[in-house]
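Asker: what's the 3D shape of this:
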Amino acid sequence: MKTGILLTVLVILFTSCSKNKDSSELRPLLLEQLKNTYDHQNWFVPTKAAIEGLTAEQSNWKDSTENHSIGELVSHIVFWSEVNLRGFKGEEMPGFEVDNETTFQNYTEEEWQNLTAKLDSIQSEWQQLTGTATSEQLMQWGSEIANMTAHNAYHSGQIIYIRKRNGWWNRK
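Answerer: Numbering: from 1, shown residues only. Coordinates of the predicted model:
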């Protein structure tokens with residue numbers, strides 16, 4: 001519910017900023033959302049805290065073939081955050097085909113550690129680039145960044161649910 005309200009506020013602010021061609025209010029809001037959904041505890045648990053301390057075995061656990069594992073959800077977050085980041089940076093993606101199902105994978109311990117490090121790197125770069133982006137970039141990408149943060153918060157909630165269900169969640 002809070003994510004929906006947040007997204008509505010972001011869309012209203014983005015629309016207002018877009019009409020006025022003023023990104024001065026948009027930058028701090030987008031930075032706050034990038035931080036709050038990844039590594040800064042505010043109203044809800046950010047992704048970094050949601051996956052902290054998990055083993056690869058735990059990340060691969062699934063209750064059925066219909067539901068995703070934590071590892072699959074993190075892989076999915078990494079994939080879409082990276083695709084958006086590459087687009088934001090203007091990088092070419094020759095031969096790139098979007099197949100959402102390929103984002104859902106299982107991991108060995110080493111692969112899981114590499115995946116969480118990659119997520120950290122991507123999210124840190126998003127924060128840095130948003131902080132230094134031009135007004136034009138913020139106006140062009142503001143809505144996509146806002147949607148991405150809502151997407152990541154949604155999947156973080158799923159991760160926490162899986163952890164709670166299995167007794168892997170420590171409220172502290």
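
Asker: drop to CA atoms for contacts and neighbour counts, all remaining ones
Answerer: Will do.

Asker: Return the helix or strand in this structure with minimum mean pLDDT.
Answerer: Ranking every helix and strand in the chain by mean pLDDT, DSSP states H and E puts helix 2-20 at the bottom, with a mean of 50.

Asker: do you know how far the spatially most central residue of the chain is from S24?
Answerer: With distances taken as CA atoms, centre = their mean, N152 lies nearest the centre of the chain, 3.4 Å away. Distance, N152 to S24, by CA to CA, to the nearest Å: 24 Å.

Asker: host element of the residue nearest to the centre of the chain?
Answerer: helix 135-165 (DSSP states H and E).

Asker: Name the nearest residue to S156, sequence neighbours excluded.
Answerer: For S156, ignoring the flanking residues on the chain, the nearest one in space by CA to CA, 6 or more residues apart in numbering is T47 at 5.2 Å.

Asker: repeat for E72
Answerer: E72 sits nearest to F104 (CA to CA, 6+ apart), 4.1 Å away.

Asker: Could you check the pLDDT of that neighbour?
Answerer: Looking at F104, its pLDDT is 74.

Asker: Could you do S64 as well?
Answerer: 81.

Asker: D22 now?
Answerer: Per-residue confidence (pLDDT) for D22: 60.

Asker: Tally up the residues packed near the residue nearest to E72, please.
Answerer: Residues near F104, counting by other CA atoms under 10 Å, number 17.

Asker: what do you get for L138?
Answerer: 25.

Asker: Also Q140?
Answerer: 13.

Asker: What sits closest to E109 if chain neighbours are left out?
Answerer: A56 (4.8 Å).

Asker: From what I see, the one you found and W112 are in contact.
Answerer: Yes. In this structure, A56 is within contact of W112 by CA atoms under 8 Å, at 5.6 Å.

Asker: more crowded one of the two?
Answerer: W112 (21 against 18).

Asker: separation between that one and G53?
Answerer: Distance, W112 to G53, by CA to CA: 11 Å.

Asker: Ok, I162 next?
Answerer: Counting by CA to CA - I162 and G53 are separated by 14 Å.
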